[in-house]
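>>> What follows is a predicted protein model with its sequence.
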Amino acid sequence: MSELRLTSEKRLRIFTGRGYPELAEGVAAELGIPITPTSAYDFANGEIFVRFEESVRGSDAFVIQSHCAPVNKQIMEQLIMVDALKRASAKRITVVAPFYGYARQDKKHRGREPISARLMADLFKTAGADRLMVVDLHTSQIQGFFDGPVDHLFALPLLTNYVGSKVDRSKLTIVSPDSGRVRVAERWSDLLGGCPIAFIHKMRDPRIPNDSVTGKVVGDVKGQTCVVIDDMIDTAGTITKAVDALYADGAKDVIIAATHAVFSGPAVERLKASNVSEVVVTDTLPIPEDSRFDNLTVLPIAPLLARAIREVFEDGSVTSLFDGLS
């Protein structure tokens, strides 16, 4: 009678949608493995078809797709990929969404509004995702929307290491563009040796998207190099107004540091026209050549994602990547 041999060897597989394959290629290169070949195309009416060209049965699958424009297409394609993996008997499916779409819709401001960030989590769970991996969510409580493990990675150490190496820390002030991100500013301060913090008093009408009124600067910024921090730069209206307010209050230099370079509409022109010394972002989203400018610095996020994927695959500690951040 022949002996039946069972193997518990796991297989790591990386998959990418068509939205931003360069990021997945960078992650795969860091891990030293190829991206699993995938056939994907659109039907004439816009419907998406996906098929994997190799067996994925029993694999530990990581589906990388950042929700760049057109956002809804990237999300739908990733959902379809997850569904295909589930039906092809992947052992575990992790959705890697460095930029998580609809994260700003995490609560109701008024009646008869959706909580779309929760809907996103429900969709991925229904499609078959076992785990989510994201970078710098708009608000941390979005993690609670998904019924399963969520690896919430922070670009903070990457950004602080870069900024800290460029400026005199004794003349540095961290600036939150509104009161809601003061806690993040405190983390920046902790990692940069306890430098002072300021914030901009801002008012926003929830009925008008991408528009705010910048008020006064709270804190002493005179003669300081100010770093305005945020999770994303969308149309750049809020953050360029903050830059103007800081210079008006006597700041010596102003640097902008943000994780996600959404750069919608007039963002690039506004940043070019502002007096900001440098704009520092990561490449969680693709930044085409026509959206790049002289004082833009783009830091690679692929090494952080690769380290997190390796820890998850090897049942290690993703918390060790947070550098003590809670």
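Cool, the structure landed. Numbering: from 1, shown residues only.

>>> can we go C-alpha only for contacts and neighbour counts from here?
OK.

>>> next one: stretch 74-87 to chain centre, how far?
Taking C-alpha atoms, centre = their mean, to the nearest Å, one finds the center of stretch 74-87 at 20 Å from the center of the full chain.

>>> Same check on stretch 98-109?
How far stretch 98-109 lies from its chain's middle: 12 Å, per C-alpha atoms, centre = their mean.

>>> cool, and stretch 261-272?
Distance of stretch 261-272 from the chain centroid (C-alpha atoms, centre = their mean) equals 17 Å.

>>> What is the end-to-end distance of it?
Stretch 261-272 has an end-to-end distance of 14 Å (C-alpha to C-alpha, to the nearest Å).

>>> And the contacts of that stretch?
With contacts defined as C-alpha atoms under 8 Å, 6 or more residues apart in numbering, stretch 261-272 is touched by 68, 232-237, 240, 281-285, 287, 291-293.

>>> Counting neighbours, which bits of it end up buried?
Under the neighbour-count criterion of 16 or more other C-alpha atoms under 10 Å, stretch 261-272 has 261-263, 267-268, 270-272 buried.

>>> In strands only, show me the contacts of stretch 261-272.
Members of the contacts of stretch 261-272 lying in strands (criterion: DSSP state E): 232-233, 281-282.

>>> Looking at the longest helix along the chain now, give me its mean pLDDT.
Longest helix of the chain, by residue count under DSSP state H: helix 71-87. For helix 71-87, mean pLDDT is 98.

>>> any idea of the mean pLDDT in stretch 249-257?
Per-residue pLDDT values over stretch 249-257 give a mean of 97.

>>> Could I get the CA-only coordinates of that stretch as CSV?
In CSV, the C-alpha atoms belonging to stretch 249-257 read as follows (Å, rounded to 0.1, in the frame of the first residue of the first chain):
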residue,chain,number,x,y,z
ASP,A,249,3.1,84.2,11.2
GLY,A,250,6.9,84.4,10.7
ALA,A,251,7.9,80.8,9.8
LYS,A,252,11.4,80.7,8.2
ASP,A,253,10.7,77.6,6.0
VAL,A,254,7.8,75.3,5.5
ILE,A,255,7.9,71.7,4.5
ILE,A,256,4.9,69.5,3.6
ALA,A,257,5.0,65.8,4.5
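
>>> Buried residues, it. List them.
249, 251, 253-257.

>>> Quick check: the farthest pair among the ones in strands among the contacts of stretch 261-272?
Greatest spacing in the ones in strands among the contacts of stretch 261-272, by C-alpha to C-alpha: 233 and 282 (11.1 Å).

>>> Show me what residue 225 is bridged to.
Assessed by DSSP bridges, residue 225 has beta-bridge partners residue 172, residue 253.

>>> Tell me, how many residues neighbour it?
By the measure other C-alpha atoms under 10 Å, the count of residues near residue 225 is 22.

>>> so how far is residue 41 from it?
Going from residue 225 to residue 41 by C-alpha to C-alpha gives 49 Å.

>>> do residue 319 as well
In this view, residue 319 and residue 41 are 37 Å apart by C-alpha to C-alpha.

>>> hmm, which of the ones in strands among the contacts of stretch 261-272 are the buried ones?
Members of these classed as buried by 16+ other C-alpha under 10 Å are 232-233, 281-282.

>>> Do you have the strands of the chain handy? List them.
With DSSP E as the criterion, the chain has strands at 11-16, 38-42, 48-52, 59-64, 92-97, 131-135, 150-153, 172-176, 197-203, 213-218, 225-233, 253-261, 278-282, 296-299.

>>> Comparing those strands by mean pLDDT, which bottoms out?
In terms of mean pLDDT, the lowest-scoring of those is strand 213-218 (a mean of 76).

>>> residues in contact with the nearest residue to residue 104 once chain neighbours are set aside?
Excluding the flanking residues, the one nearest residue 104 by C-alpha to C-alpha, 6 or more residues apart in numbering is residue 138, at 6.0 Å. Listed by C-alpha under 8 Å, 6+ apart, the contact partners of residue 138 are 103-104, 231.

>>> ok, back up a step: possible to save the buried residues of stretch 261-272 as TSV with distance to residue 26?
Shown next, in TSV, are those (distance: C-alpha to C-alpha, whole Å):
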residue	distance to residue 26
261	18
262	20
263	22
267	26
268	25
270	30
271	27
272	28
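
>>> Out of the residues you listed, which sit inside helices?
Among these, the ones falling in helices (DSSP H) are 267-268, 270-272.

>>> which one of those residues is nearest residue 188?
So of those, ranked by how close each gets to residue 188 (C-alpha to C-alpha), first place is residue 271, at 22.6 Å.

>>> Distance-wise, check that closest one relative to residue 283.
With distances taken as C-alpha to C-alpha, residue 271 is found 17 Å from residue 283.

>>> cool, and residue 222?
Plainly put, residue 222 is 32 Å away from residue 283 if you go by C-alpha to C-alpha.

>>> quick one, what contacts residue 48?
40-42, 77, 80.

>>> again, only using 6 Å
By C-alpha atoms under 6 Å, 6 or more residues apart in numbering, the residues touching residue 48 are 41-42.

>>> try residue 230
Residue 230 makes contact with residue 258, according to C-alpha under 6 Å, 6+ apart.

>>> All good on my end, thank you.
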